[in-house]
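Enquirer: Fold the stuff below for me.
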Amino acid sequence: MHEENSETGDREAAGSALPETASEVAGLPRRIRAWATELGFAAIGISGIDLSAAEPGLLRWLALGRHGAMDYMAKHAPLRLAPQELLPGVRTVISARLPYLPVAAADAAAVLADDGLGYVSRYALGRDYHRTVRGRLQKLAARLQEAAAALGQPCRCRVFSDSAPVLETEFARQSGVGWRGKHTLSLTRDGSWHFLGEIYCTLPLAADPPAVDHCGDCRRCLDVCPTAAIVAPYEVDARLCISYLTIELRGAIPLPLRPLIGNRIYGCDDCQLCCPWNRFAHLGDADFAVRNGLDATPLATLFAWTESEFDSRLAGSAIRRIGHERWLRNLAVALGNSRRGTPGVVTALHSRLDHPSALVREHVGWALARHGEAG
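Expert: Here you go, the predicted structure:
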């Protein structure tokens with residue numbers, strides 16, 4: 001571009017537009033949005049890479065130990081705050097939003113009210129989102145790189161979908177895709193039932209205005225949380241969060257928290273179910289339609305799955321990553337929280353008393369004791 005400086009000056013002096021290539025690069029965000037819509041994304045936003053505003057909050061959260069046993073959060077904190085370490089030369093982050101609210105899923109409130117059924121977080125009822133979001137972002141990145149190459153602009157990209165140390169909610173905020181709700185999830189006027197994904201890009205694309213917070217004085221998510229894990233607006237202690245306890249925690253679930261889990265066997269949606277903005281939510285992508293009847297299956301039925309059945313039925317599901325042992329641990333807690341006399345519960349628990357895993361046996365024993373049975 002140095003060789004074109006004098007020519008550019010002449011053009012500007014003559015009142016002409018930007019050089020053709022620069023004008024076309026400036027038009028890339030509009031094309032990116034059009035491609036993203038074709039790929040099923042609900043929204044696309046563009047931001048820079050400055051994370052200085054988010055750094056104090058992240059470091060404080062870690063210093064307070066609120067990440068619990070998620071050691072990788074502390075280990076990779078420097079990477080989260082330094083996008084250039086994940087893609088040298090990165091100048092732009094493209095944030096994407098993909099809705100997931102499952103079509104024809106059983107009513108969440110009705111399932112939570114029936115302690116004989118297992119409640120699975122809405123995001124995990126269908127296909128593993130990592131594959132869907134990342135696959136579509138890769139297609140979007142490929143189109144961007146092809147367009148940039150046609151303009152003679154070198155462009156490198158790297159795609160993420162909850163797959164690397166990326167502050168995705170902060171980038172979504174900065175790019176206007178959604179604000180950070182008081183429950184710390186990404187929130188929009190269409191609600192929070194969506195996945196986020198990012199493209200780190202070396203092109204200097206124009207940034208969008210950041211999202212504006214519309215939570216106001218509402219505190220429904222704080223008040224409804226079963227374990228009071230939302231300790232203050234915009235602050236979650238993962239050690240208390242049911243999603244952490246049933247998904248991330250590898251060991252025993254703390255005794256005081258077990259009764260509060262109810263029949264939630266994988267994740268928790270309470271803070272989203274009560275959010276007023278989710279009244280305006282749209283149904284999600286077909287990839288996230290319910291599989292294996294996980295929206296309303298009896299706990300005893302799920303508890304009877306063998307390890308091979310667990311692996312085969314949940315192939316391609318995000319749930320599979322916790323493994324059969326933690327699956328049984330979670331189900332044992334939910335069975336222990338069932339009302340006394342619920343058909344099949346005690347029989348189901350006795351069937352796992354001799355399970356090879358000490359973790360499973362301990363939770364089964366606790367559950368039986370809740371029903372007045374010896375473990």
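Enquirer: switch to C-alpha atoms for all contacts and neighbour counts from now on
Expert: Fine.
Enquirer: and stretch 44-64, what's its mean pLDDT?
Expert: Mean pLDDT, stretch 44-64: 97.
Enquirer: how far does that stretch stretch from start to finish?
Expert: End-to-end distance of stretch 44-64 (C-alpha to C-alpha, to the nearest Å): 34 Å.
Enquirer: can you check stretch 250-260 too?
Expert: Where stretch 250-260 begins and where it ends lie 18 Å apart, using C-alpha to C-alpha.
Enquirer: Could you give me the buried positions within it?
Expert: In terms of neighbour count (16 or more other C-alpha atoms under 10 Å), stretch 250-260 has its buried residues at Arg250, Ala252, Ile253, Leu257, Arg258, Pro259, Leu260.
Enquirer: Can you get me a residue count around Pro343?
Expert: By the criterion of other C-alpha atoms under 10 Å, Pro343 has 12 neighbours.
Enquirer: Can you name the helix or strand that the spatially most central residue of the chain falls in?
Expert: In the chain, the residue lying closest to the centroid (C-alpha atoms, centre = their mean) is Phe195, at 5.6 Å. Using DSSP states H and E, Phe195 maps to strand 194-201.
Enquirer: Output the contacting helices and strands for that strand.
Expert: When contacts are defined as 3 or more C-alpha pairs under 8 Å, 6 or more residues apart in numbering; DSSP states H and E, strand 194-201 sits against strand 92-99, helix 129-150, strand 157-160, helix 168-174.
Enquirer: contacting residues around the last one?
Expert: Pointing back at helix 168-174 there. Here helix 168-174 makes contact (C-alpha atoms under 8 Å, 6 or more residues apart in numbering) with 45-48, 51, 54, 93, 95-96, 162, 178-180, 185-186, 196-198, 208-212.
Enquirer: and the residues you listed, which of them are in strands?
Expert: Gly45, Ile46, Ser47, Val93, Ser95, Ala96, Trp179, Arg180, Ser186, Leu196, Gly197, Glu198 (DSSP state E).
Enquirer: what two of these are the furthest from one another?
Expert: Greatest spatial distance in the ones in strands among the contacts of helix 168-174: Val93 and Arg180, 17.2 Å, computed using C-alpha to C-alpha.
Enquirer: who has more neighbours, those two?
Expert: Val93 (29 against 21).
Enquirer: Kindly provide the distance from that one to Tyr129.
Expert: Val93 sits 20 Å away from Tyr129, going by C-alpha to C-alpha.
Enquirer: re the thing from before, which residue, other than its chain neighbours, is closest to the residue nearest to the centre of the chain?
Expert: Leu98 (5.2 Å; C-alpha to C-alpha, 6 or more residues apart in numbering).
Enquirer: Let's have the helices and strands packed on strand 194-201 in a markdown table, adding distance to Ala300.
Expert: A markdown table is the format used below for the helices and strands packed on strand 194-201 (distance: least, C-alpha to C-alpha, whole Å):
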| stretch | distance to Ala300 |
| --- | --- |
| strand 92-99 | 31 |
| helix 129-150 | 27 |
| strand 157-160 | 37 |
| helix 168-174 | 37 |
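Enquirer: Including pLDDT, could the buried residues of stretch 250-260 go into JSON lines?
Expert: JSON lines is the format used below for these (pLDDT from 0 to 100):
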{"residue": "Arg250", "pLDDT": "97"}
{"residue": "Ala252", "pLDDT": "98"}
{"residue": "Ile253", "pLDDT": "98"}
{"residue": "Leu257", "pLDDT": "98"}
{"residue": "Arg258", "pLDDT": "98"}
{"residue": "Pro259", "pLDDT": "98"}
{"residue": "Leu260", "pLDDT": "98"}
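Enquirer: Keep only those of those residues that are in helices.
Expert: Arg258, Pro259, Leu260 (DSSP state H).
Enquirer: Check the ones in strands among the contacts of helix 168-174 for burial and list the buried ones.
Expert: So, by 16+ other C-alpha under 10 Å, the buried ones in these are Gly45, Ile46, Ser47, Val93, Ser95, Ala96, Trp179, Arg180, Ser186, Leu196, Gly197, Glu198.
Enquirer: Of the residues you listed, just say which sits nearest to Tyr234.
Expert: Nearest member of these to Tyr234, counting by C-alpha to C-alpha, is Arg180, at 7.5 Å.
Enquirer: In contact with that closest one: list those residues for me.
Expert: Thr169, Glu170, Arg173, Ser186, Leu187, Asp213, Tyr234.
Enquirer: coming back round to it: nearest to Arg239, out of the helices and strands packed on strand 194-201?
Expert: helix 168-174 (20.0 Å).
Enquirer: just how off-centre is the closest one within its chain?
Expert: 13 Å (C-alpha atoms, centre = their mean, to the nearest Å).
Enquirer: Please identify the buried residues of it?
Expert: Buried residues in helix 168-174 (16+ other C-alpha under 10 Å): Glu168, Thr169, Glu170, Phe171, Ala172, Arg173, Gln174.
Enquirer: is it possible to export these to JSON lines including distance to Gln153 and pLDDT?
Expert: Converted to JSON lines, these look like this (distance: C-alpha to C-alpha, whole Å; pLDDT from 0 to 100):
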{"residue": "Glu168", "distance to Gln153": "26", "pLDDT": "97"}
{"residue": "Thr169", "distance to Gln153": "29", "pLDDT": "98"}
{"residue": "Glu170", "distance to Gln153": "28", "pLDDT": "98"}
{"residue": "Phe171", "distance to Gln153": "24", "pLDDT": "98"}
{"residue": "Ala172", "distance to Gln153": "26", "pLDDT": "98"}
{"residue": "Arg173", "distance to Gln153": "28", "pLDDT": "98"}
{"residue": "Gln174", "distance to Gln153": "25", "pLDDT": "98"}
